[in-house]
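# coordinates only, sequence not included:
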């Protein structure tokens, strides 16, 4: 199946034509310069949303990726003016960059886009970017759908299974989430969600107030801004209970510690939305446009990630382009308290330390890990790391020399950086680099479990298939790589993301299709966490990526 045919089927199945995702916008009026046919423009606009906007922004001003405006001018603090733009690069150069990628971490798209799509994309980014529409609270409320009324929620699980060892698995390309029984390895359901779900969150155990059923309800956020609510106590055919759309382009969602509210963050419009966790009705919208840490106004200030603070009645909202962490107190929605903490650009994703007080998040463009003290609501530390840190859900463990530590992989280089994160018990090592591990390739995720002797790191960003399809296992005792495991040798696939089962005896790794796939040919490869030997595979999945164990996630096991 061709990429164009696959994408067309994806859009048709999910209803995510660009008129739905980012609005129907007329062609920019250009007296002279690059032009495309209406059909090629609309196709390139959709493809840009799917493949490019995450790094470069809808308005193309850049973040993790470079600025892709036709012409830009930047004035430094010392008055130095720098100019550039896609027009200056030209059609031929842009086609080469899109085809081959860059050493700075951009993927090569020669295996993802056709030659014609690459040529059209090069032309498209030399044209003025179309500005998407806004979205009102009333528009959001009109999208809400309820499939199971609250009165019909069961008071106990209806399937008789060990639901706390379920895995909730993103099936990215198909716009679905799979529910897998971690005990029997059965795929129980493929639940329709938003397009290309990025994050799934559940209610968690918290020290402040505990929801009655932590881990029972899960909330997804699609790239198209659709949030869905899943009830793991239902029979598989009724696990999808409601949905609502809160943005045209989005990434993250979180549940309040008391289980009353959910918050969804938008890439476009740049805002976050607080909704009722039971009914999914949107209640409040807050714009994240503002002035960044350099003093510049930013229109496209996107919400990169949102996390529930374990010890406080608040969420942490990472406003990517502003370089700010916003600590949003949900105890009074009418008088919403927001503490805006200056940190570093461009914020991406992160994780808490084992105490739940300190939040550790990557600032990609600054090559730093940012540490926020959620008790004092201020910046605790900035840690220098390698190029483009990307910890994903992160990893905490005990090092024999440095004590409690955490680590991250990097998008730009094959390195795992490890730092101390216990200012109370090990103040000399806190927020200082403990050691680095040189891996074979740049990666996306690092993960461990308190009951495991090892830390697992993927190498998904490496261009060579042999490396891209392998993961590396690091000893907590020695800090050395003890094993490299080839997950797959299937062309066009890579090894990505890790999750342990509830007791930490198994490690689940995704065999991921790099190009769009609507075929159930993806797999999860399962390893014995002690012997590091493969013990099974879960087949029949649609491009599985992130996997989330109910017990581990709802009990803050990192």
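On my side now, so go ahead. Just so it is clear, the model here is predicted, and its values are computed rather than measured. Numbers count the residues shown, from 1 in each chain.

# what residue ranges in the stretch 401-550 of the chain score low on pLDDT?
Applying pLDDT under 70 to the stretch 401-550 of the chain flags residues 515-517.

# ok, now the stretch 201-350 of the chain?
205-212.

# Try it again at 50.
207-210 (pLDDT under 50).

# quick one, strands of it?
217-221, 226-231, 240-245, 249-255, 261-268, 271-276, 282-287, 290-291, 297-298, 303-308, 314-319, 324-329, 337-342, 347-352 (DSSP state E, counting those that start in this stretch).

# Which one of those strands lies nearest to residue 501?
With Cβ to Cβ, the closest approach to residue 501 among the strands of the stretch 201-350 of the chain belongs to strand 217-221: 17.0 Å. No exception for glycine: its C-beta is placed from N, CA and C like everyone else's.

# Could you list every helix and strand that the closest one packs against?
strand 199-202, strand 226-231, strand 249-255, strand 261-268 (3 or more Cβ pairs under 8 Å, 6 or more residues apart in numbering; DSSP states H and E).

# partners of it, with directions?
strand 199-202 (antiparallel), strand 226-231 (antiparallel) (DSSP bridges).

# Give me whichever of those strands is most buried.
Mean neighbours per residue, mean count of other Cβ atoms under 10 Å, is largest over the strands paired with strand 217-221 for strand 226-231, with a mean of 25.

# ok, back up a step: looking at the strands paired with strand 217-221, which is nearest to residue 436?
strand 199-202 (27.8 Å).

# The closest one: how far from the chain's middle?
In terms of Cα atoms, centre = their mean, to the nearest Å, the centre of strand 199-202 is set 10 Å apart from its chain centre.

# outside of that strand, which residues touch it?
168, 170, 177, 214-221, 251-255, 305, 308, 546, 548, 550, 553-554 (Cβ atoms under 8 Å, 6 or more residues apart in numbering).

# let's see it at 7 Å
168, 170, 177, 215, 217-221, 251-255, 546, 548, 550, 553-554 (Cβ atoms under 7 Å, 6 or more residues apart in numbering).

# same question, stretch 184-195
Here stretch 184-195 has contacts from 14, 16, 171, 175-181, 220-226, 228, 230, 236, 239-240, 536, 538, 540, using Cβ under 7 Å, 6+ apart.

# How about stretch 68-84?
So stretch 68-84 is in contact with 56, 60-62, 85-87, 125-128, going by Cβ under 7 Å, 6+ apart.

# and these, which are buried?
56, 60-62, 85-87, 125-127 (16 or more other Cβ atoms under 10 Å).

# so of those, which ones are in strands?
Among the buried ones among the contacts of stretch 68-84, DSSP state E puts none in strands.

# from the residues you listed, which is closest to residue 444?
residue 56 (18.2 Å).

# still on that earlier bit, using ChimeraX, define a selection of the buried residues within the contacts of stretch 184-195.
Selection of buried members from these for ChimeraX, criterion 16+ other Cβ under 10 Å:
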select :14,16,171,175,176,177,178,179,180,181,220,221,222,223,224,225,226,228,230,236,239,240,538
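
# ok, now how distant is the nearest residue to residue 523 once chain neighbours are set aside from residue 455?
Leaving aside its sequence neighbours, residue 523 sits nearest to residue 511 (Cβ to Cβ, 6 or more residues apart in numbering; 4.3 Å). Distance check for residue 511 against residue 455: by Cβ to Cβ, to the nearest Å, it reads 21 Å.

# Residue 95 now?
With Cβ to Cβ as the criterion, residue 95 and residue 455 are 40 Å apart.

# So which of those two has more stuff around it?
Neighbour count, other Cβ atoms under 10 Å: between residue 95 and residue 455, residue 455 has more, with 25 against 18.

# what are the phi and psi values for the more buried one?
Per-residue torsions, residue 455: phi -120, psi 130 (degrees, to the nearest 10).

# Against residue 479, how distant is it?
In terms of Cβ to Cβ, residue 455 sits 9 Å off from residue 479.

# What of residue 107?
30 Å.

# The two - which one has more neighbours?
residue 479 (20 against 16).

# residue contacts, the more buried one?
With Cβ under 7 Å, 6+ apart, residue 479 has these contacts: 435, 437.

# ok, it to residue 420 distance?
Distance, residue 479 to residue 420, by Cβ to Cβ: 13 Å.

# From one end of stretch 127-146 to the other, what's the distance?
41 Å (Cα to Cα, to the nearest Å).

# again, but for stretch 144-152
Start-to-end, stretch 144-152 (Cα to Cα) is 18 Å.

# ditto for stretch 241-253
17 Å.

# How far away from the center of its chain is that stretch?
Relative to its parent chain, stretch 241-253 has a centroid offset of 14 Å by Cα atoms, centre = their mean.

# ok, now stretch 164-183?
That offset, for stretch 164-183, works out to 16 Å (Cα atoms, centre = their mean).

# and it, how far apart are its ends?
10 Å.

# helix or strand right after the one helix or strand residue 397 maps to?
For residue 397, the host element (DSSP states H and E) is strand 389-399. Under the assignment DSSP H and E, the closest C-terminal helix or strand after strand 389-399 is strand 403-410.

# Would you list the strands that that next one pairs with, along with their directions?
Taking DSSP bridges as the criterion, strand 403-410 forms sheet pairs with strand 389-399 (antiparallel), strand 415-420 (antiparallel).

# what is the orientation angle of it with strand 347-352?
150 degrees (axes from the mean of the first three to the mean of the last three Cα atoms, to 10 degrees).

# and strand 403-410, how far from the chain's centre?
19 Å.

# got it, and stretch 184-191?
23 Å.

# returning to that earlier point: of the strands paired with strand 403-410, which is nearest residue 470?
Of all the strands paired with strand 403-410, strand 415-420 comes closest under Cβ to Cβ, at 14.5 Å.

# what element comes up after the closest one heading to the C-terminus?
strand 433-438.

# List the neighbouring strands of whatever helix or strand comes next after that next one plus their orientation.
Following strand 433-438 in sequence order, the next helix or strand is strand 446-447 (DSSP H and E). Here strand 446-447 has these sheet partners by DSSP bridges: strand 454-458 (antiparallel).

# sorry, back to before: got the phi and psi for the residue nearest to residue 523?
According to degrees, to the nearest 10, residue 511 has phi -90, psi 110.
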